[in-house]
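J.: Provided below are the primary sequence and the corresponding predicted coordinates.
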Amino acid sequence: MSSDQPKKVKAILYTDGGYRAQYASGGWGIHGYTFDDVPPTKGTGNPKAIPTATGYVAEKADAELVTILNYVDGTGGVSPAYSSNHTELAATTRALEWVVENNIHETTLYTDSRYVTDGLTKWLPKWKQRGFVNGEGNPVANKELWLKADHLMTQMKEVELNVSINWIKGHVGHFGNEQADGLATKGNILGRKGTDYTHLVTTDPSGYWGAKATHNRMLSSGKWYLQTTDLDFLTERGETIYYLGEHTTLEGVEMPGKRNSDNALVVLYMKEPDPVLEILRKQAIDLDTRKFGAVLVGRLDGILLPDTYSEALKYGTLFMDWDTHRMDIVGAKRRPLLKEMSPAGQVYVTVDALGVLQTKLDAFIRKDPGIWITDITDLLYEAEEKKGVKVVKVRKDFVQTTRYLDIPVRYSTKKVSDITGPDDASVKSVKVRFITGIDLARRNMLNNIAADDVKVSAITWRESSQVIRYATVVESSNGTGIWAGVDSNYLLVNEKSE
C-alpha cells in the first residue's frame, strides 16, 4: 500500500428531529465530529465534550480519547411535516447524504428514534420486497425518504463507506443527543416559518466552544425597554438611545412600573448602535402591524449571552421565533428575548420615569443651571504603573460585595430662576447613600470600561425646597449614561416650607 494514500476519515454523528403538530411543520438537527484516532494534546474547551472513537462520554476516566478534526453541525426546516417519525428520518437521511458527499469512510451514527434504527436495520429489506407495503398491507409512511435513505446506503456499500446506525435514549443527558436536539429546535423554527434554508457545515475545533461577548459593556442592566412607535431613538449628536433598568418580577411575570425601592433605570447614549439590539428593534417594529405603539421588555440576560449574541450577529432573526398573535420573541433555545407588555398598564409609569431621567441626562450634558455635579471618579477608580504603562482599574476597596457608597455631594434647593451662579450661597454639601446596581453602576461594568477617559459624576437636582433627587452619570468612549433608583432617589435635606 502506498504510504501517501489519503488517510481514511472517521466521524461520529448524532441526529434528531422535531415536530410541531399545531403548525404541521418540523425540523431536523445534526451534530458530530470527524476525528483522528491519536490522543488529543489539549482539551476541547468544553468539559462536556469528551470525544472518543464511539462518541462523547461523560467521564475522561478509562476513555480512549481521540483528536477532533472538525465539528459537524446541521439544521433544516421540514414543511409540511407529518409526524416526529417524518422529521427523525429526515435528519438521519440528511446525515447519510453528508457522509456520501464527504467520503466519510467510517461513521457511527446515533439517533433517539427506534423508528429510524429499526427501519434502516430491520424493516427496509422487507419493505423493498413488498413494494413498500407494510405487514398490514398499507403503504409505508415516508416512502420517499426511505427510498432516499436506501439509495444512499447502497451507494456507501459500493464505495466501501461503512456506517453503523445506533439507538440512543433521548433527553437523558447524552451530550451529543442534546446538541442535535438543540439544532432540531432551530429546524423547527425554520419549518414553522416555511423557509427552505438549510445549514450544514464543518467547523475547525479551535475556539468552537468559545463564543465571546462582544457587546458594549455599558449594557449592564437586566432589562431593555422599547416602544414600537418610538422611531426617534437618536440624540442630536447622533448617539443611539437605549432605555434600560431593573424592575419587579413576581412569579415570572414582568412588572415594570410597579414601585419598588430596588427598581433602577438607566438612560444610555451609545456612540455606536448595538447591532443585535437593533436587529430585535427592527423585528419588533415590523411585527407591530397595528401600529398602536406596543411597549416591550427585552431580556438582556438572554440577549447578551455569548451564544445568543454571536448567533444573532451571524444569522439575524433566522433562528428566532415569535407568536403570530403577540410580539414576544424567543431564541432558538426558547430563551425569552423580547416580551410584549399587554395590556401595557403600569409600564407607562416606567416610560414616564425614563423620560424624566433623560431630561436630567441632557441637562447634565449641557451643564444647565440646577444640575449640581460632584466628580466621584477617584472614589471608584485608581491608576497604577505597570512596566511604565499607566493602568486604570476599579479601586481595591470597591469590591464585588460593596452594597453602597456614602458620598458627599453638592446640592441646592433654590429654584433655578433664583440661582445666581455656581458659587451661589445656597449650594451646600450633604452625604448621600448611592446603592450599587441602582443609583450606581455595578462594579463589573465599571471595571469592564476602565480607562483614562472614564469619568463618573454624582448629580443632584431640586425636587422642592425640602427635597433633592440624585443619580450618577458615567462618561466614557463607550457612551454616556445615567443611573438612578427612581422610586427611592429622594432625600429630605431641610425642613423649611416654600
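T.: Happy to help now that I have it.

J.: break the chain down into its domains, please.
T.: Domains of the chain are assigned by automatic domain parsing as 10-203, 223-347, 367-492.

J.: right, and these - which one's nearest residue 356?
T.: domain 367-492 (7.6 Å; Cβ to Cβ). Quick note: C-beta positions are derived from backbone N, CA and C, even for glycine.

J.: how long is that closest one end to end?
T.: Across domain 367-492, the terminal residues are separated by 24 Å (Cα to Cα, to the nearest Å).

J.: sorry, back to before: ok, of the domains of the chain, where does mean pLDDT dip lowest?
T.: Among these, domain 223-347 carries the lowest mean pLDDT, at a mean of 90.

J.: okay if I get the domains of the chain as TSV plus distance to residue 210?
T.: Shown next, in TSV, are those (distance: least, Cβ to Cβ, whole Å):
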stretch	distance to residue 210
domain 10-203	6
domain 223-347	8
domain 367-492	18
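
J.: among these, which is nearest residue 212?
T.: Comparing the domains of the chain by Cβ to Cβ, domain 223-347 comes nearest, at 5.5 Å.

J.: that closest one: how far from the chain's middle?
T.: With Cα atoms, centre = their mean, to the nearest Å as the basis, domain 223-347 stands 12 Å off its chain's centre.

J.: can you check stretch 188-202 too?
T.: So, by Cα atoms, centre = their mean, the centroid of stretch 188-202 is 20 Å from its chain's centroid.

J.: now the terminal residues of that stretch, how far apart.
T.: 21 Å.

J.: next: stretch 113-130.
T.: 23 Å.

J.: picking that back up, output the domains of the chain in a markdown table; the columns should cover mean neighbour count.
T.: Output for the domains of the chain, formatted as a markdown table (neighbours: other Cβ atoms under 10 Å):
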| stretch | mean neighbour count |
| --- | --- |
| domain 10-203 | 18 |
| domain 223-347 | 17 |
| domain 367-492 | 16 |
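
J.: hang on, isn't residue 244 packed against residue 265?
T.: Yes - counting by Cβ atoms under 8 Å, residue 244 touches residue 265, with 7.3 Å between them.

J.: between the domains of the chain, which one is nearest to residue 353?
T.: Of all the domains of the chain, domain 367-492 comes closest under Cβ to Cβ, at 4.5 Å.

J.: what sits against the closest residue to residue 52 other than its chain neighbours?
T.: Closest residue to residue 52 apart from its sequence neighbours, by Cβ to Cβ, 6 or more residues apart in numbering: residue 63 at 5.3 Å. Residue 63 makes contact with 50, 52, 57 under the criterion Cβ atoms under 8 Å, 6 or more residues apart in numbering.

J.: what residues are bridge-paired with the second one?
T.: Yep, that's residue 52 we're talking about. residue 55, residue 65 (DSSP bridges).

J.: check contacts around it.
T.: Residue 52 touches 63-66, counting by Cβ under 8 Å, 6+ apart.

J.: give me the distance between residue 398 and residue 116.
T.: Going from residue 398 to residue 116 by Cβ to Cβ, to the nearest Å gives 58 Å.

J.: for residue 211, which of the domains of the chain is the nearest?
T.: domain 223-347 (3.9 Å).

J.: pull up the distance across the closest one, start to finish.
T.: End-to-end distance (Cα to Cα), domain 223-347: 13 Å.

J.: please name the bridge partners of the nearest residue to residue 395 once chain neighbours are set aside.
T.: Nearest residue to residue 395, sequence neighbours excluded (Cβ to Cβ, 6+ apart): residue 382, at 4.8 Å. Here residue 382 shows beta-bridge partners residue 393, assigned using DSSP bridges.

J.: residues in contact with residue 382?
T.: If you count contacts by Cβ under 8 Å, 6+ apart, then residue 382 has 392-396 around it.

J.: likewise for residue 84?
T.: Applying Cβ under 8 Å, 6+ apart, one finds that residue 84 lies in contact with 17-19, 26, 113.

J.: again, but for residue 244
T.: So residue 244 contacts 219-221, 223-225, 265-268, 300 (Cβ under 8 Å, 6+ apart).

J.: nearest to residue 441 among the residues you listed?
T.: Nearest to residue 441 among the contacts of residue 244 is residue 220, at 6.4 Å by Cβ to Cβ.

J.: what about that closest one, how many residues nearby?
T.: Under the neighbour criterion other Cβ atoms under 10 Å, residue 220 is assigned a count of 22.

J.: tell me the SS of the closest residue to it other than its chain neighbours?
T.: Spatial nearest neighbour of residue 220, excluding adjacent residues (Cβ to Cβ, 6+ apart): residue 445 at 3.7 Å. Taken by DSSP: H, G, I helix; E, B strand; the rest coil, the conformation at residue 445 corresponds to helix.

J.: can you give me how far stretch 50-57 is from the chain middle?
T.: That offset, for stretch 50-57, works out to 29 Å (Cα atoms, centre = their mean).

J.: ok so, going back, show me the contacts of residue 244 that map onto helices.
T.: Within the contacts of residue 244, residues falling in helices by DSSP state H are residue 300.

J.: just name the closest of the contacts of residue 244 to residue 13, please.
T.: Taking the contacts of residue 244 together and measuring to residue 13 by Cβ to Cβ, the closest member is residue 300, at 35.5 Å.

J.: isn't that closest one right up against residue 224?
T.: Yes - the criterion here is Cβ under 8 Å, and residue 300 meets it with residue 224 at 5.5 Å.

J.: I'd guessed residue 358 sits against residue 268; true?
T.: No - with contact defined as Cβ under 8 Å, residue 358 does not count as touching residue 268 (10.1 Å).

J.: any shared contact partners between the two?
T.: Shared contacts of residue 358 and residue 268, counting by Cβ under 8 Å, 6+ apart, come down to residue 241.

J.: what bridges to residue 492?
T.: Applying DSSP bridges, one finds that residue 492 bridges with residue 467.

J.: my read: it touches residue 467, true?
T.: Yes - contact between residue 492 and residue 467 holds when scored by Cβ under 8 Å: they sit 5.7 Å apart.

J.: name the SS class of residue 192, please.
T.: Once three-state DSSP is applied, residue 192 turns out helix.

J.: would you agree it is in contact with residue 21?
T.: No - applying Cβ under 8 Å, one finds residue 192 not in contact with residue 21, separated by 11.5 Å.

J.: which SS state does the residue nearest to residue 28 when sequence neighbours are not counted fall under?
T.: Closest residue in space to residue 28, ignoring its immediate chain neighbours: residue 91 at 3.5 Å, by Cβ to Cβ, 6+ apart. Following three-state DSSP, the label given to residue 91 is helix.

J.: ok, residue 91 touching residue 30?
T.: Yes - contact criterion Cβ under 8 Å: residue 91 and residue 30 qualify, at 6.2 Å.

J.: can you list residues touching both of these two?
T.: Common neighbours of residue 91 and residue 30 (Cβ under 8 Å, 6+ apart) are 15, 180.
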